[in-house]
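*Asks:* take a look and give me a structure for this.
(chains A and B)
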There are 2 protein chains.
Amino acid sequence: MKLTRVGEVSNSFLDEIPDDYKERLSEIHIHEKYTDSLLGIEDHSHIVVLCWFHKGDRSIQRVHPMMDDNNPLVGVFGTRSPVRPNPLSITVCELVERKGNVLVVKGLDAYNGTPVIDIKSYTTKYVVDSPVFPDWIPDRWRDKNDR
Amino acid sequence: MKLTRVGEVSNSFLDEIPDDYKERLSEIHIHEKYTDSLLGIEDHSHIVVLCWFHKGDRSIQRVHPMMDDNNPLVGVFGTRSPVRPNPLSITVCELVERKGNVLVVKGLDAYNGTPVIDIKSYTTKYVVDSPVFPDWIPDRWRDKNDR
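*Replies:* Residues are numbered from 1 along each chain as shown, chains lettered A, B, ... in the order given. This next block holds a predicted model:
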């Protein structure tokens, strides 16, 4: 199961992801080889971006979520931590503009240079009506009207 | 970028995914090596499951979505098609029960035996308020109150 890089992230996030990343623009540069895979993508207002977090430690299985020691130690499969056996990230982004093989997106949670692995359509298949969360999940991730 | 299998799907979907898969149960068997990664996962009502669609053709870049020739030819990055350069799937599932290293989930869109790559917490970070879709996206994927 070997992943192919289909593009990479270009933004100003060099050493850390800014707190206001949801409002910040990034570019996704898709390789020429995958141009056909982009046909019609500009008709979506939002896309799901999968990246490979190459800096993620694959050996860590338990974390204090959000790097806060006050949170309980939990398994990475119950978190979005970048450390995990397969350091893949999923971010739902606004697709602001397509310029050829460059996608301008808002809200990408990834460093400059991060390999992009896949892009999918966003649909309401990702929406759950009444989810229940562990106590440590912050309020802003619980209420879709208060993100 | 080499993926590690962390578990596999066990269900009755041998040759096709049933139309009512959203109501059907599957099991995810997580390998003993990754038990620590599951700590506390039972506190989530919903999880995000990433699978490797080993049957997916990685060379196809454009499809008629939903295998319907009446739909326009679009790039796979604007779809959830199982054929794509990196055949990863993302499914939001209800976590019905954890029995040790077996997760009983409802709504998994994957065949029996499919390799499981990652599991993440579901939060409202996946929810978009007013998404805009291409014309071919069916109504049931547009309105979260009519799924």
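
*Asks:* please name the residues that touch residue A:72.
*Replies:* A:64, A:135-136, B:40 (CB atoms under 8 Å, 6 or more residues apart in numbering or on different chains). All C-beta atoms are positioned from the backbone trio N, CA, C, and that covers glycine.

*Asks:* how much space is there between residue A:91 and chain B?
*Replies:* Plainly put, residue A:91 is 8 Å away from chain B if you go by CB to the nearest CB, to the nearest Å.

*Asks:* for residue A:129, see how far away that residue is.
*Replies:* 22 Å (CB to CB, to the nearest Å).

*Asks:* neighbour count for those two, which is higher?
*Replies:* residue A:91 (20 against 8; other CB atoms under 10 Å in any protein chain shown).

*Asks:* and that one, that one's in a strand?
*Replies:* Yes: under DSSP: H, G, I helix; E, B strand; the rest coil, residue A:91 falls within a strand.

*Asks:* which stretches in chain A count as strands?
*Replies:* Applying DSSP state E to chain A gives strands spanning A:7-10, A:25-30, A:46-52, A:62-63, A:74-75, A:88-99, A:102-106, A:115-121.

*Asks:* any low-confidence regions in chain A?
*Replies:* A:144-147 (pLDDT under 70).

*Asks:* cutoff 80 now
*Replies:* A:55-56, A:143-147 (pLDDT under 80).

*Asks:* what bridges to the spatially most central residue of it?
*Replies:* Nearest to the geometric centre of chain A sits residue A:91, at 2.6 Å (CA atoms, centre = their mean). Taking DSSP bridges as the rule, residue A:91 bridges to residue A:49.

*Asks:* residues contacting the closest residue to residue A:93 other than its chain neighbours?
*Replies:* Leaving aside its sequence neighbours, residue A:93 sits nearest to residue A:105 (CB to CB, 6 or more residues apart in numbering or on different chains; 4.0 Å). For residue A:105, the contact set (CB under 8 Å, 6+ apart) comprises A:25-28, A:47, A:49, A:93-96.

*Asks:* ChimeraX command to pick out the buried ones of those residues?
*Replies:* Buried subset of those, written as a ChimeraX selection, criterion 16 or more other CB atoms under 10 Å in any protein chain shown:
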select /A:25,26,27,28,47,49,93,94,95
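
*Asks:* identify the residues contacting the closest residue in space to residue A:81 that isn't next to it in sequence.
*Replies:* Excluding its sequence neighbours, the residue lying closest to residue A:81 (CB to CB, 6+ apart) is residue A:63, at 4.9 Å. Contact analysis of residue A:63 by CB under 8 Å, 6+ apart lists A:73-74, A:76, A:79, A:81, A:83.

*Asks:* quick one on the thing from earlier: for the contacts of residue A:72, give me TSV that also has distance to residue B:113 and neighbour count.
*Replies:* As requested, the contacts of residue A:72 are exported to TSV (distance: CB to CB, whole Å; neighbours: other CB atoms under 10 Å in any protein chain shown):
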residue	distance to residue B:113	neighbour count
A:64	35	15
A:135	36	7
A:136	34	18
B:40	28	19
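
*Asks:* how about JSON lines for those residues, with distance to residue B:141 added?
*Replies:* JSON lines is the format used below for the contacts of residue A:72 (distance: CB to CB, whole Å):
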{"residue": "A:64", "distance to residue B:141": "36"}
{"residue": "A:135", "distance to residue B:141": "32"}
{"residue": "A:136", "distance to residue B:141": "31"}
{"residue": "B:40", "distance to residue B:141": "31"}
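
*Asks:* now for those residues: which two are most distant?
*Replies:* Pairwise distances across those peak at 13.1 Å for A:64 and A:135 (criterion: CB to CB).
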